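*Asks:* pasted the sequence and its predicted model underneath.
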Amino acid sequence: MRAADVLVIGVGHDQRGDDAAGLWVARRVARHAGPGLRVAEHGGDGMDLLLAWEGAERVVLVDAVVSGDRPVGDVRRFDAARERLPSALFAGTSTHALGVGDAIEMARAIERLPDRMVVYGIEGACFTTGSAPGPEVRAAVERVAERVLDELTREESDHA
């Protein structure tokens, strides 16, 4: 695996409660990641995301989501290279005009989406400034970090 091949991006804001979920996953992955894996934290601005994943063959992106119909801490996984993301799912947590879902679909339209892109959404509920992620989201962070590391390890061994 070359360093530019795999990029894990955690999206969120540390001071907005459950919105920090993606950042927390990225930090856990970074602590256990081996060579050939780059990990980045991102605030979620869609235009910047297009630049952030440029050159990466595989991207795993993690962000908090709000569906309103799933329990807090629920985890959803999307193969963004093969399926469109539900547009409303990632819109509720963004403070930017162009959020994560919009950026991915724009990249798809202009053919700048990585060949392999997986998106994990962790259902959040509290995005109050100054708060920390709730217990359900913290538990989901641990599960997602493990899943990401397992997925990347499994893929690496499949290609060895």
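*Replies:* Yep, it's here. Numbering: from 1, shown residues only.

*Asks:* so for stretch 35-51, mean pLDDT?
*Replies:* Stretch 35-51 comes out with an average pLDDT of 87.

*Asks:* burial measure for Asp74, as a count.
*Replies:* 16 (other Cβ atoms under 10 Å). (C-beta placed from N, C-alpha, C; glycine too.)

*Asks:* so who does it touch?
*Replies:* Contacts were defined as Cβ atoms under 8 Å, 6 or more residues apart in numbering; by that measure Asp74 touches Ile122, Glu123, Ala140.

*Asks:* where along this protein do the helices fall?
*Replies:* Ranges of helices within the chain are 21-32, 46-52, 87-91, 100-109, 135-158, based on DSSP state H.

*Asks:* so for Arg77, which of those sits nearest?
*Replies:* Nearest of the helices of the chain to Arg77, taken as Cβ to Cβ: helix 135-158 at 7.7 Å.

*Asks:* show me what counts as buried in that closest one.
*Replies:* Neighbour-count burial for helix 135-158, counted by 16 or more other Cβ atoms under 10 Å, picks out Glu136, Val137, Arg138, Ala140, Val141, Val144, Ala145, Arg147, Val148, Leu149, Leu152.

*Asks:* does the fifth one touch Pro135 like I think?
*Replies:* Right, Val141. No. The pair Val141 and Pro135 fails to qualify as a contact (Cβ atoms under 8 Å) at a distance of 10.6 Å.

*Asks:* could you dump the helices of the chain to JSON lines with distance to Val60?
*Replies:* Below are the helices of the chain laid out as JSON lines (distance: least, Cβ to Cβ, whole Å):
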{"stretch": "helix 21-32", "distance to Val60": "8"}
{"stretch": "helix 46-52", "distance to Val60": "12"}
{"stretch": "helix 87-91", "distance to Val60": "15"}
{"stretch": "helix 100-109", "distance to Val60": "13"}
{"stretch": "helix 135-158", "distance to Val60": "5"}
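
*Asks:* closest one to Val11 among these?
*Replies:* When the helices of the chain are ranked by proximity to Val11, the top entry is helix 21-32, at 4.1 Å, counting by Cβ to Cβ.
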